[in-house]
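Engineer: sequence and predicted structure, then a few things I'm wondering about:
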Amino acid sequence: MTDKSKVRIFDIVNSTENEILENWLKLQISSTALRMDLLSERELRQQSAEFLSLFKEATSTGNWDINDSGWSRVLEFLDSISRSRAIRGFTPTETATFIFSLKQSLFTTLQKTSKNGTADLIQDLCDITLLIDSLGLFTTEVYLKSKEEIIVRQQTEMIELSTPVVQLWNGILALPLIGTLDSARTQVVMESLLSRIVETGSNIAIIDITGVPTVDTLVAQHLLKTVAAARLMGADCVISGIRPQIAQTIVHLGVDLSEVTTKATMADAFKHALNLTGAIVKKKQ
Amino acid sequence: MEKIPILKMGKYLLVTIQVDMHDRLAMSLQDDLTEKIVLYNARGVLIDISSLEIVDSFIGRMLSNIASMSRILDAETVVVGMRPAVAITMVELGLDMKGVKTALNVDMGMKMLDIFTGKNDEQEKLNDHSEE
Amino acid sequence: MTILKNDMRYIRNSDDIVLIRQVVREWALMIQFSLVDQTKIVTASSELARNAVEYGGGGVLYLQIVSDGIRKGLKLIFEDKGPGIADIGLALKDGYTTGEGMGLGLGGARRLVNEFNIESSVGQGTKITIIRWK
């Protein structure tokens, strides 16, 4: 990347900023990747104009490494655009198009204004490509990172939401499981059940799986491990809410539940648990 | 050499393990405990492991051994206070401690021992009455 | 995989096993392992350290905090110059032991970590590498 070409490109951007902007906007609007349902034209114009002026400012420094401090404002701006697009539901392509369509607009202008022959033009195109590509990659990275952040946040929210351990009676806890069980979630469930057992001094825990859609070998193993850990601590578990088809799968999978007390419904399990604690339920006379 | 204290509580012995147990300490506990069971004619042993941060296969084996030995000496053993993280790890490790009775805390362990040894006590009471 | 921190400890006798447990716990805390994860890696180290003492005639533990770019992990290498293991598959089996233990050490330790690798040759010694990721 030569300094001469940097100056040349800056001059062109500086003198034809409006033309580049209009061209760029046209390209973005005509591109199928623009989501008019998610972003208005006015907003797009505003974003593009602001970006271009920041871009111009950064290129004027003569330093074209985007990790340099001269580019920090450009990166900040791109960061906020990518993030907001990720949250609004743009695809990665749609998000990256913002920056990549600028390349095309710059090329068109360069071709038109270039007077210095092919060699210089090729040099300029090369430089622009390198620069825009690195900005494009940055955009995609931010996009992915913010998507990941959303996923992680939702995961923790879900795990917290989905593991209520409730006390049914003195010495009896219940854990109504809802939704699919994976290893991460089961570990959290297991830990919160066991620590509640210690806190409340409950020696019977009912694990109700009415709300669990499927039970595969892994889930069954997790359940058995929870039961085994509780037993080591001195508490008994009862598994309830086993639907007929789940009972069938469990047998077909060859999972041995013979050492675990199972009941069809939570009510049965509760009655069983009360019985174990020595309490009796009877109608008022 | 440091030792794990063994307290006599009525007809039971209470062992509270409060140190990170090294192997020699575990071995000497077996010796001391069996001696004390005989000495005090203890009917039950409570081992409180609520301070133990891990139970590996060695400590697990020691607990099983103590339970078997005391059973031969006609005393029941209940291990109490196991931490959840320890229990989860033991399950993963494959230690099931078959034959060892467990309870959540000392109180519950004591009640458990009362139930196990209860039958014999009734017998003793009957004998007392007959002597009166 | 990049190594962010490393250190080593000798495992000479059964008293050292307690020290190994303590140092592994310290390192697990350094990268903020959850309580259960701490307990798992400390228990695994206790098993492997005891194996090194009982079967390997003592050994060395190398501790490393590693990163694969996304997550951090605790990597532990247990090395001894003992007689080695003739049949690794058999040694990993639960309930198999040539000593007085329960035969849960190796197989159990493997279940407590995310990565487990064992290299051993008869007469040369044994090297076991475990990693638990955060």
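Structural biologist: Thanks, I have the structure now.

Engineer: contacts, neighbours, all on C-alpha from now
Structural biologist: OK.

Engineer: for chain A, what's its nearest residue on chain B.
Structural biologist: Residue nearest to chain A within chain B (Cα to the nearest Cα): B:Ala103, separated by 3.9 Å.

Engineer: give the contact list for C:Pro83.
Structural biologist: By Cα atoms under 8 Å, 6 or more residues apart in numbering or on different chains, the contact set of C:Pro83 is C:Tyr55, C:Gly56, C:Ser121, C:Val122, C:Gly123, C:Gln124, C:Gly125, C:Thr126.

Engineer: surely it is in a helix?
Structural biologist: No: if the criterion is DSSP: H, G, I helix; E, B strand; the rest coil, then C:Pro83 is coil and not within a helix.

Engineer: need phi/psi at it.
Structural biologist: Here is the backbone geometry of C:Pro83 (degrees, to the nearest 10): phi -70, psi -10.

Engineer: what does A:Ser240 give?
Structural biologist: The phi/psi pair for A:Ser240 (degrees, to the nearest 10) is phi -130, psi 170.

Engineer: pretty sure it is touching A:Ile207, no?
Structural biologist: Yes: if you go by Cα atoms under 8 Å, A:Ser240 and A:Ile207 touch, sitting 6.1 Å apart.

Engineer: now the residue of the stretch 1-150 of chain A found nearest chain B: which helix or strand?
Structural biologist: For the stretch 1-150 of chain A and chain B, the shortest gap (Cα to the nearest Cα) falls at A:Glu149, measuring 28.5 Å. In this structure, A:Glu149 sits in helix A:118-161 according to DSSP states H and E.

Engineer: which neighbouring elements make contact with that helix?
Structural biologist: Judged by 3 or more Cα pairs under 8 Å, 6 or more residues apart in numbering or on different chains; DSSP states H and E, helix A:118-161 is in contact with helix A:3-15, helix A:72-88, helix A:92-113.

Engineer: what's the shortest one in contact with?
Structural biologist: Among residues not part of helix A:3-15, those counted as contacts by Cα under 8 Å, 6+ apart are A:20, A:56, A:59-60, A:62, A:106, A:109-110, A:113, A:120, A:123-124, A:127.

Engineer: quick one on the thing from earlier: what about the residue of chain B closest to chain A, how many residues close to it?
Structural biologist: 26 (other Cα atoms under 10 Å in any protein chain shown).

Engineer: quick one: contacts for it?
Structural biologist: Per Cα under 8 Å, 6+ apart, neighbours of B:Ala103: A:Met233, A:Gly234, A:Ala235, B:Val78, B:Val79, B:Val80, B:Gly81, B:Gly109, B:Met112.

Engineer: chain neighbours aside, what residue packs nearest to it?
Structural biologist: A:Gly234 (3.9 Å; Cα to Cα, 6 or more residues apart in numbering or on different chains).

Engineer: now do the same for residue 65: its pLDDT.
Structural biologist: Unless you meant another one, I'm taking chain A. Per-residue pLDDT puts A:Asp65 at 83.

Engineer: think we crossed wires, I meant chain B
Structural biologist: B:Asn65 is assigned 92 on the pLDDT scale.

Engineer: next up, the contacts around residue 57.
Structural biologist: Reading this off chain A. If a contact means Cα under 8 Å, 6+ apart, then A:Glu57 has no contacts.

Engineer: look at chain C instead
Structural biologist: C:Arg12, C:Asp80, C:Lys81, C:Gly82.

Engineer: measure the third one to C:Leu61 for me?
Structural biologist: Yep, that's C:Lys81 we're talking about. Distance of C:Lys81 to C:Leu61, computed by Cα to Cα, to the nearest Å: 12 Å.

Engineer: and for the first one?
Structural biologist: Summarising the geometry, the distance separating C:Arg12 from C:Leu61, computed by Cα to Cα, is 11 Å.

Engineer: quick one: which of these two has more around it?
Structural biologist: In this view C:Arg12 and C:Leu61 are compared by other Cα under 10 Å, and C:Leu61 has more residues nearby, 24 against 18.

Engineer: can you tell me the helix or strand for that one?
Structural biologist: Going by DSSP H and E, C:Leu61 is in strand C:59-67.

Engineer: for that strand, which strands pair with it and how are they oriented?
Structural biologist: Strand C:59-67 pairs in its sheet with strand C:2-11 (antiparallel), strand C:72-80 (antiparallel), by DSSP bridges.

Engineer: put together JSON lines for the ones you listed, with mean pLDDT, mean neighbour count and distance to A:Ala267 on each row.
Structural biologist: Output for the strands paired with strand C:59-67, formatted as JSON lines (pLDDT from 0 to 100; neighbours: other Cα atoms under 10 Å in any protein chain shown; distance: least, Cα to Cα, whole Å):
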{"stretch": "strand C:2-11", "mean pLDDT": "93", "mean neighbour count": "14", "distance to A:Ala267": "54"}
{"stretch": "strand C:72-80", "mean pLDDT": "95", "mean neighbour count": "23", "distance to A:Ala267": "45"}
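
Engineer: related to what we said a few turns ago, give me the distance from the helix holding A:Glu149 to the chain's centre.
Structural biologist: 15 Å (Cα atoms, centre = their mean, to the nearest Å).
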